[in-house]
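take a look and give me a structure for this.
(2 chains)
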Amino acid sequence: MRYLTLLRANCKSQKGSLIGVLTLIFIITISLCATLAIWKNSNVHERELIEQTGYGDIAWWVSQVPDVEALLSEIRAVEGVEKATAQELIYISRYYVNGQGVEGTLEVLSWEDCRNSYHVCADNLTSILTQPQGPAEGEVYVSPAFCSLYDAHIGDSFVLEINGEQTMVSYTIKGYFEDPRSGSSMMGIKSVLINGKDMTRLSEVVEAAENPAVSRTGHMLNVYMTADNDLTIGAFESKVNSETTIRQFSLFSYSKTAIIGFMLVLQNVFSGFLLAFVVVLLAVTMVIIGHSISSSIEQDYVDMGILKALGFTQADLRRLQLLQYMTAVLSGMALGAAVSPLVVSLINRITVTATGLIIPSDIPIGISVLAISILLLLLIGFIYAKTAKIGRITPIRAIRGGAEDVYFSSRFTAAVHRRGLSFWLALRQLVSGKKQYIGACLIAVMLVFFLSLTVRIDAWMGPNGEGLMTSFNAAPYDFGIAYTDRSKEAEIESFIAEHAAVKGSFQQMMTRGVIDGVEYLMYVNRNPEYYNLIEGRTCKYKNELVITESVAQELSVWTGDTVHISYTGQEREFLVSGIYQCANDMGGNFGISIEGFARLCEEDSNPDSAKDSIVNFSTYYLLEEPAQKNTLCEMLTESYGEWIVIDENTWGGLDSVRSALSSLTVFMYVITMIFIMVTVTLTGNKILYKEQRDLGIYKSLGFVSGRLRLAFALRFGLVAVAGAVPGVAISAFFTDRLVTSLLKMCGISRFSSSLSPFQAVLPAIIVSGLFLVFAYLSAGKIKKVEAGMLIVET
Amino acid sequence: MKTTVIKTTDLCKSFANNGGQNHILDMVNLEIFQGDFTVIMGPSGAGKSTLLYALSGMDKPTGGEVYYREQAISRLGEREMAALRANEFGFIFQQAHLVSNLTLLENVVVTGYLNKQRTAQEVRVRAEKLLEQMHVEGAMNRLPSQVSGGEAQRAAIARAIMNEPGMVFADEPTGALNKHNTQEVLKLLTELNAAGQNILMVTHDIKAAVRATRLLYLEDGRIIGEMPLPPYRSEDARSREKQVDAWLSSMEW
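Residues are numbered from 1 along each chain as shown, chains lettered A, B, ... in the order given. Model prediction:
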């Protein structure tokens, strides 16, 4: 009862601080629960869906297989293979969504084959239909990602190019389905579901067209490992490749882990980023709570001394403080946990067209309770430790007037000048009571660091996402040209030279190759000096290759090691000459020179394929003025559209990434603003309370409230600047490493940011400005301080 | 004919108290004259400090008006009031009330900076001179927490007169000092008055009151007695004390 009475009284007198703590814990709990929910739910949901589709431990996409059953039997005979299944599909490489042309692999699947393994979404993309009708003839189901990629909606046209423009097959978008294999806007491959009868008809049309470069029938072979198989996925893939004829028919292959990684890259990267932000917020909150405890002990020194005189022990008083803060902490946690499902639901609704999945909004109880418990224990320990100074309070010292006077002497004291008097007074007050501002300063360091990190990511990405695109390319370029007919090549080159200043150009093609039994995307470049090299040197000679860090880690090889590359039946030894950056296929790629490629094509059982590949080289251009790109591309399309396909080095999913990053940035800025507001209000109130006498003196001397408010606000501005400087420096030093570790998830192994001076100091300006503004607002109560308080009524 | 510096007309200050009115100042009409060292005395709770607040503009009266050199001050805005305090009023409190993170010199200098008539250099020179005059030149670069109460109070006096105010308000300026420092401070105030400084002081201490040239007695919010005195001379101290004591006895002090 005695605790309850005192607790009630303390909560009343410390109302402001406790509300502040409650707010901060509320925000942290929401962010933590939401992050965990998004991460956990999307992972669980994706895994469930992919299991439901029957995706094997590895899947091979094959075409032109004369006898699928025979191939499956071959695979089943390999030791360690539990089972192998085939799913019929049609590959389309050019299609039109609502009139907008798309270059990329499209897999057409039959609804009848998939009705039990795929989920159809409600039209408003908020739930799953329990008894979907399926597409009627002439209708198609697409991933929700088509909305963000191509602004596609129900009722829009969906046209497949089967054999150039001579044969086109049209459908109407009937609705959306969750595609756990390729539904994310981050993935280039896409799948659609059509009616079974349409599938049969389409197969006939495709086979009749006999144009495999544009459309072809094929299968996806799902291969499952036995449970006791202790091979790695790479080794298993290598084993199946080497012990069967699958490589002859394989277009590409992906493990289940890789597909899940592709699908969840956005969620995992952003969850990681948000989790790091939550850690920063927690550190900030602990600083604030620490400051609040110290100040309230100072403020209630006499009361505590009296309570000790009355018989309360140090442990009683510490327990009381703990209970007081726990009231706020637990209330904040309860409120946060209650609100977080709404936040998760909102985030899921916003991001459904990027992720392509309707991720459940439930909060994962186990992991959330665990995280909140850890948070709680951490706070209990911290608060208990911070209240240790209650032990130093003695009744006699309390009765004599409380804590010892603050000693204001400092080595950093600067003279007070008439010009800029408010500033000099602010500086003096700051230096004199610097202990009070350490918390605010640390908070400024952390917030500036995190905002700087955001600015760096934003700058790296560039206004049009060019930074991200460069990371996904083996070599940097502004635009590329793929020739459907090379007869005009020389003319087109002259046209480009005539209309823009070209800084450089290279010819490159993409195919797939196998290194030491593991299949990867293979870049062949006539000008390998353009590769985005990060270590070693480029593949100058015909027996050299460059690999990404992901491939290097997967194969446990590095610069100087040798590997074996297999391509269309030929196998040659190559030396790793360097490590390069290319996030395509989550970093699962390597690059060789044209000479290296020619080596692989020697004695080719099908010499035409090598010849075809040479024809498939596209030319990529780097412009002196990248801004000229759009105009030039428009002119090229207008004049030579018939002979070429232009790659503008952009990607539909870029908008999703950019908008996700923008939302994250806005979220972080809002949270930062709230944190600064709470920090300044809590710290400011304690300082104002302590400085009432000085404020009264200044007023009695003739200072107006405005000037005192300004001096007060300037103090916080200066504190923020003092914190912002190391914040910017730490960010410059650590951001690239930190972000690299996050982006490794999507194959970007080297994040390197560079900022203009303005961009570098922008977070510092924002944080300092916010500190200044909130301190000015918080100092409004200076107006109420009367000089009359100095006069003692006798 | 003496020049009036401060004048009040029907000055009232009341507080609501359990549905009734508690009149702290009740229709006070008084004038404070140029050159005087006016001391207000009275029993505890008589309203002395409230009267000082009202006269110095620190508190707004609930009725009547206060004029400083014919300018009504009780309804002035914050800015005008601040200007008046910076240029025309000086304050000495019971505690020195120096800004704790400024040195004694800076406490005085900052006050000087608010008055635009002197350059920063002139302000500094005058502040140093005043602190010398107050015999605290040796402590002028120390913080208030590093000096004695007497030194701090003398620095507070220097601050109060830094801008050559039209009136120095002193609220029990010796209330927190020991005997020696009390004498020092009273001596300084007397010297200042002798040099022409108008002073209005509230005190309980007869030894302080005898320094006055005019004594006012306040009881229940009204001025009920007044006694003029000749300028103070140390050799007359004992006889003035007796005289004031007798007068206070007649006021039922």
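
can you name the residue of the stretch 151-253 of chain B nearest to chain A?
For the stretch 151-253 of chain B, the residue positioned closest to chain A under CB to the nearest CB is residue B:171, at a distance of 4.9 Å. Yep, even glycine has a C-beta here, placed from its N, CA and C like the rest.

and residue A:112, how far is that from chain B?
Using CB to the nearest CB, to the nearest Å, one obtains 82 Å as the distance from residue A:112 to chain B.

any idea how many residues pack against the nearest residue to that residue once chain neighbours are set aside?
Spatial nearest neighbour of residue A:112, chain neighbours left out: residue A:196 (3.6 Å); criterion: CB to CB, 6 or more residues apart in numbering or on different chains. Taking other CB atoms under 10 Å in any protein chain shown as the neighbour definition, residue A:196 ends up with a count of 16.

secondary structure element holding residue A:202?
With elements delineated by DSSP states H and E, residue A:202 resides in helix A:196-209, which encompasses its position.

ok, residues contacting that helix?
Defining contact as CB atoms under 8 Å, 6 or more residues apart in numbering or on different chains, one finds that helix A:196-209 is touched by A:88, A:90, A:108-113, A:135, A:137-138, A:160, A:162-163, A:167, A:169, A:171, A:194, A:215-217.

hmm, 10 Å instead?
Here helix A:196-209 makes contact (CB atoms under 10 Å, 6 or more residues apart in numbering or on different chains) with A:88-92, A:108-115, A:134-140, A:160-164, A:166-169, A:171, A:193-195, A:212, A:214-218.

from those, list the buried ones, please.
Among the contacts of helix A:196-209, those that count as buried by neighbour count (16 or more other CB atoms under 10 Å in any protein chain shown) are A:89-92, A:108-111, A:114, A:134-135, A:139-140, A:160-163, A:167, A:169, A:171, A:193-195, A:214-218.

give me the pLDDT for the residue nearest to residue A:112.
We have a pLDDT of 92 for residue A:196.

now it: how far from chain B?
Distance from residue A:196 to chain B, by CB to the nearest CB: 83 Å.

show me which helix runs longest in the chain.
Let's take chain A. In terms of residue count, the longest helix belonging to chain A (DSSP state H) is helix A:314-355.

my bad, chain B
Longest helix in chain B, counting by DSSP H: helix B:179-194.

domain map for chain A?
A:55-262, A:423-465+A:653-794, A:467-649 (automatic domain parsing).

and the one residue in the stretch 401-550 of chain A that gets nearest to chain B, what are its phi and psi?
Per CB to the nearest CB, residue A:432 is where the stretch 401-550 of chain A lies closest to chain B, at 3.5 Å. Note on residue A:432: backbone dihedrals following degrees, to the nearest 10 are phi -70, psi -40.

leaving out sequence neighbours, find the closest residue to residue A:50.
With CB to CB, 6+ apart, the residue lying closest to residue A:50 is residue A:180, at 4.4 Å.

report the separation between that neighbour and chain B.
According to CB to the nearest CB, residue A:180 and chain B sit 65 Å apart.

cool, and residue A:303?
Applying CB to the nearest CB, the value for residue A:303 to chain B is 23 Å.

in space, what's closest to that residue - neighbours in sequence excluded?
residue A:398 (7.9 Å).

what do you get for residue B:241?
The shortest distance from residue B:241 to any residue that is not its chain neighbour, by CB to CB, 6+ apart, is 5.3 Å, and that residue is residue B:210.

what sits against the one you found?
With CB under 10 Å, 6+ apart, residue B:210 has these contacts: B:39, B:186, B:190, B:229, B:232, B:236-245.

hmm, try it at 7 Å
B:232, B:237, B:240-241, B:244 (CB atoms under 7 Å, 6 or more residues apart in numbering or on different chains).

then residue A:633?
A:479, A:646, A:648.

lowest confidence element among the helices and strands of the chain?
In the absence of a named chain, this looks at chain A. For chain A, scoring each helix and strand by mean pLDDT, DSSP states H and E identifies helix A:607-615 as the least confident one, at a mean of 50.

that was the other one, I meant chain B.
Across the helices and strands of chain B, mean pLDDT, DSSP H and E gives its lowest value to strand B:20-28, namely a mean of 85.

element containing residue 84, please.
With no chain named, the answer covers chain A. The secondary structure element spanning residue A:84 is strand A:81-97 (assigned by DSSP H and E).

oops, I was thinking of chain B
In this assignment (DSSP H and E), residue B:84 forms part of helix B:78-87.

tell me what that helix is packed against?
The helices and strands touching helix B:78-87, judged by 3 or more CB pairs under 7 Å, 6 or more residues apart in numbering or on different chains; DSSP states H and E, are helix A:692-701.

elements contacting the helix or strand that the helix it packs on is followed by?
Heading C-terminal from helix A:692-701, the first helix or strand you meet, by DSSP H and E, is helix A:705-743. The criterion is 3+ CB pairs under 7 Å, 6+ apart, and the helices and strands that helix A:705-743 contacts are helix A:265-299, helix A:421-432, helix A:434-461, helix A:757-778.

would you list the ones you listed in JSON lines and tack on mean pLDDT and mean neighbour count?
As requested, the helices and strands packed on helix A:705-743 are exported to JSON lines (pLDDT from 0 to 100; neighbours: other CB atoms under 10 Å in any protein chain shown):
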{"stretch": "helix A:265-299", "mean pLDDT": "84", "mean neighbour count": "21"}
{"stretch": "helix A:421-432", "mean pLDDT": "86", "mean neighbour count": "21"}
{"stretch": "helix A:434-461", "mean pLDDT": "85", "mean neighbour count": "23"}
{"stretch": "helix A:757-778", "mean pLDDT": "92", "mean neighbour count": "20"}
